[in-house]
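> A structural model of the following input is requested.
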Amino acid sequence: ESHHRYWVRYSSEKLEARLGLQKIVFGPSLVLRSLSWFDTIDLKDPTGQTDGVEAFRLRWFPSNSLSLWSWVINNDQDTLSYGSRAELSNSAGEWGFTYHQDPSKSLKGIGQIDIPVYGSHNRLAIDYRYDGFIGFWNESALIKSNRSDIIMATVGADYTLPIANGLLVMVEYMSISSKIDSASYTAIMASMPLGMVHQLMFISQFDLEENRSYNYLRWSSS
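Numbers count the residues shown, from 1 in each chain. Purely as a prediction, here's the structure:
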């Protein structure tokens, strides 16, 4: 019989292993996510769901400040792609280093922007987040294939203004460049809780190359 999903997991204080349909999500960006490699999570989607991937993922936590990931993903063409990630947290901020190799020969769309990548390729990325007077983060990725090299970078910052119950304001900027094309986007978000139950969020996203804007307003209660 057909099934919706299946998975098995083993976890302990230092180790977590999971096999089956799952989501593999990392990176500090909220709207313009350069590291949205294996998920379709969108802040504008109130369900917060993603299709997930069929994979085996292993996470090891040797200390409170270091975690090591590794994964093997089954692609739609029944080929296996694999990668690893290291996350380090210290007084200077939170760091992430990611590598992924995909030997599939088919056309792939990467990220929320759906960047087309042809044939087998490697992905390298570094991300950083710091929470101080303001929150600041960066995601930078290099996607290297036989046809072209794609560079994706996102920088963002947020700050909570002392208005009412606290008005969170965030701005992000993404740049995408390759030998074939280039693009740039900006996103602005404002979010504020209304009492204990309700929350109001507004997101405005700008396509700077096409000179277009997209606006989104959400009112939620729980």
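
> where in this structure is pLDDT low?
Applying pLDDT under 70 to the chain flags residues 1, 77.

> swap in 80 and give it another go.
Applying pLDDT under 80 to the chain picks out residues 1-5, 45-49, 76-78, 106, 109-114, 147-148, 179-181.

> on the three-state scheme, the residue most central in space within the chain is what?
With distances taken as CA atoms, centre = their mean, the residue of the chain nearest its centroid is residue 36 (3.6 Å). Under DSSP: H, G, I helix; E, B strand; the rest coil, residue 36 falls in the coil class.

> contacting residues around it?
Shown in contact with residue 36 (CB atoms under 8 Å, 6 or more residues apart in numbering): 27, 110, 111, 112. Quick note: C-beta positions are derived from backbone N, CA and C, even for glycine.

> likewise residue 86?
Counting by CB under 8 Å, 6+ apart, residue 86 touches 66, 67, 68, 69, 96, 97.

> for residue 69, give me the backbone phi and psi.
Torsion angles at residue 69 (phi, psi; degrees, to the nearest 10) stand at phi -120, psi 150.

> please name the nearest non-neighbouring residue to it.
Leaving aside its sequence neighbours, residue 69 sits nearest to residue 85 (CB to CB, 6 or more residues apart in numbering; 4.1 Å).

> neighbours around the one you found, how many?
Per other CB atoms under 10 Å, the neighbour tally for residue 85 reads 21.

> ok, it - contacts?
Residues near residue 85 by CB under 8 Å, 6+ apart: 26, 68, 69, 70, 96, 97, 98, 99.
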